[in-house]
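Trainee: Predicted coordinates and the sequence they were generated for:
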Amino acid sequence: MATVKLRDIRKSYGNVDVIKGVDIEIADGEFVVFVGPSGCGKSTLLRMIAGLEDVTSGTLEIDGVRVNDLEPSKRGIAMVFQSYAIFPHMTVRENVAFGLTINKASKAEKEEAVAKAARILQMEHLLDRRPSELSGGQRQRVAIGRAIVRDPKVFLFDEPLSNLDAALRMDMRMEIGKLHQDLGASMIYVTHDQVEAMTLADKIVVLKDGMVMQAGAPMDLYHEPANIFVAGFLGAPSMNFLDVTVHAVNDETVTISNASLDQIDVPHKGRTFTAGQTATLGLRPQYLHPAMGGAGKLHGTVILSERLGSETVIDLALADGSKIIAALAEDSILTPGAATNFDFDPNQAHIFPETR
Amino acid sequence: MAAISSDNHGLRLVTRYVVLTLIALIFVFPLVFMVVSSFKPDLQLLRDASSIRAFLPVGDISTDNYSAAFERAPIGLFVFNSVLVTGVTVLLSLLICSLAAFSFAFLEWKGRNTLLSIIIATLIIPFETIAIPLLLLVSKLPWIGLEGLSVGWLNSYRVQIIPWIADGLTIFLFVQFFKDLPRDLIEASRVEGASWWQIYRRVVMPLSGPVIATAAILKFLVMYNQYLWPLIVVQEETYRPVMVGLQYFFQLNTAWGEVMAYLTIITVPVLAFYLALQRAFIASIASTGVKG
């Protein structure tokens, strides 16, 4: 177990900057998830921590020691790859014990370590099989087993579940969560899947274009996104955004409206606005509900009503031509074509000074 | 409808096998001719050559040609020499060329791509153009043997082996194969603490069966068929390989039956080697698309 510190980490390929000054602190035993769209640099960042990519500038510390120039194997890390990267010519046992074999561990030592990892991952019955005889989920288990045997200070996961089907992904996600509880080791996990990020993380780091957009506890990011990108990235269905005009800036709130939204005061949470500017209002689909008796702040027409069982997703066309989504309780029935007014709690709304 | 389509399918299958059999026969006929002829006296051999009888073991069949061939040339020695030179060269070539390719494929160093280009470019140089310079070179190279320091490699096994160990084609085959191996496997090995040597020995080479087989067979054929080079660097019978030994059978009146017997004998190691590696060889052609 160990802390990991990234200070002003940068990475360039020639003139192209991929990571543009990242500062992250990972506490002992913390589960941190790097999340972001493709090409945001999250995998590169993980590979830099692993030592598979050079650090162009900045300081990388694991357990208080600068590791910028250390070989991957000297950093006290273990890595689980998206492709599993298990060796096809070795049995599961040989795969799991590979690191120990390389380090010339004794036979008894290997047996014990493999048995322990197999017990944790419930794969004792697979030990003598070859990878080609395993399913995707089992292969991933072998890759995790190989990581456990190294007894690393930090576990690194590079999109470990993205090659699995949906059902298996959920099982393995829970297992990884449980593994973290059992081992209590620091873990860094890269994914583009915000559900994995929300469910697994103690701390989420949202990345975009090689920069940290926001870092914090999942629910903090969900409820208090620092910017439009984070607001739109976390949560499913994703947040609705409306272009609005700021009419007045008050002590705690700003007064806004647009063609389909009545004038309303929304908490500005310390962000700076000027009267007359265009701003962006963010509304989570879950916090929208049809207004009773014709009142309501948001005026639109129902385009489509999709009943998913657990919830009903309503597509709404607003008067200004934009479309938004509302996620309602399971049995809500709204007829397509009906003019409907929606309401929301201003305290659940987010107002951002920037436009999309 | 279903019957018609299944008939069609059967017909297509038959056609395919007929065509494949014809092609196979084209390749097998020369071998059959060689083996059959080796059992016939010269006169009958030449008479039969113009008819289908050339491929049939008919008429005066005996092993006389074999006895005569063994009397005429030290065939056992020639085969031993060829198998030794070929075997050692193939093994060393697999080791040296795969190590070089490993460096080209996985390690990062300055001038890597330039050097690889130069090595591949050597493929277009015909051996005949460098034969004489190479002869001058090896005739002056020193060697430390049991008898101490000597100069000149002529008349030895080493002169037939060492210049042929490294070659552009083998390195190229290995580089291409290595580059197609999943990068993650190499990186996972590094994270696990494997040195480059351990990655080569424990991960890369065990996964390289198909390319090892391909490279081994290609090298085997080149080495076993060596003629020009041993002809100019080996004057003593002690080190003479099979192809040069063929000269023993060509005189004013060539004993064709003996030639065929000799050829049959020296073909055996090639067939044995090919059959041993056939499965891997075919797998490698199918999987890498590298043609042999």
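Mentor: Structure's in. What do you need?

Trainee: do you know how far the nearest residue to A:Gly36 once chain neighbours are set aside is from A:Asn163?
Mentor: Nearest non-adjacent residue to A:Gly36, counting by CB to CB, 6 or more residues apart in numbering or on different chains: A:Leu207, 3.8 Å away. The way it works is simple: take the backbone N, C-alpha and C, and place the C-beta from them, glycine included. Separation of A:Leu207 from A:Asn163 (CB to CB, to the nearest Å) stands at 21 Å.

Trainee: Of the two, give the one with the bigger neighbour count.
Mentor: Neighbours per residue (other CB atoms under 10 Å in any protein chain shown) separate A:Leu207 from A:Asn163, with A:Leu207 holding more: 27 against 16.

Trainee: show me what contacts the more buried one?
Mentor: A:22, A:34-36, A:40-42, A:45, A:213 (CB atoms under 8 Å, 6 or more residues apart in numbering or on different chains).

Trainee: My assumption is that it lies in a strand; please confirm.
Mentor: Yes. Applying DSSP: H, G, I helix; E, B strand; the rest coil, one finds A:Leu207 inside a strand.

Trainee: what kind of secondary structure is A:Leu60 in?
Mentor: Following three-state DSSP, A:Leu60 is assigned to strand.

Trainee: Those residues of chain A touching chain B, which are they?
Mentor: Residues of chain A lying close to chain B (CB under 8 Å from any CB of the partner chain) are A:50-52, A:71-73, A:77-79, A:81-89, A:98-99, A:101-103, A:146, A:150.

Trainee: Show me which of these are buried.
Mentor: Among the residues of chain A next to chain B, those buried by neighbour count (16 or more other CB atoms under 10 Å in any protein chain shown) are A:50-52, A:72-73, A:77-79, A:81-87, A:89, A:98-99, A:101-102, A:146, A:150.

Trainee: picking up where we left off before, mind checking which of the contacts of A:Leu207 land in helices?
Mentor: Judged by DSSP state H, helices contain the following of these: A:42, A:45.

Trainee: Can you tell me which of the contacts of A:Leu207 is nearest A:Ser57?
Mentor: A:Val22 (11.1 Å; CB to CB).

Trainee: residues contacting A:Pro336?
Mentor: A:302-305.

Trainee: Mind doing that once more with 6 Å?
Mentor: A:Val302 (CB atoms under 6 Å, 6 or more residues apart in numbering or on different chains).

Trainee: Phi, psi for it please.
Mentor: phi -60, psi 140 (degrees, to the nearest 10).

Trainee: do A:Ala226 as well
Mentor: Taking degrees, to the nearest 10 as the convention, A:Ala226 sits at phi -80, psi -20.

Trainee: residues touching the spatially closest residue to it that is not a sequence neighbour, list them.
Mentor: Of all residues not flanking A:Ala226 in the chain, A:Gln214 sits nearest, at 4.3 Å (CB to CB, 6+ apart). Residues near A:Gln214 by CB under 6 Å, 6+ apart: A:206, A:221, A:226, A:230.

Trainee: and of the residues you listed, the nearest to chain B?
Mentor: A:Val206 (25.7 Å; CB to the nearest CB).

Trainee: and that closest one, how many neighbours?
Mentor: Residues within reach of A:Val206, counting by other CB under 10 Å, total 27.

Trainee: go on, the one 4 residues further on?
Mentor: Using other CB under 10 Å, A:Gly210 has 23 other residues around it.

Trainee: Show the contacting residues for it.
Mentor: For A:Gly210, the contacting residues are A:18-20, A:41, by CB under 6 Å, 6+ apart.

Trainee: Out of those residues, flag the one nearest to B:Ile162.
Mentor: A:Val18 (47.1 Å).
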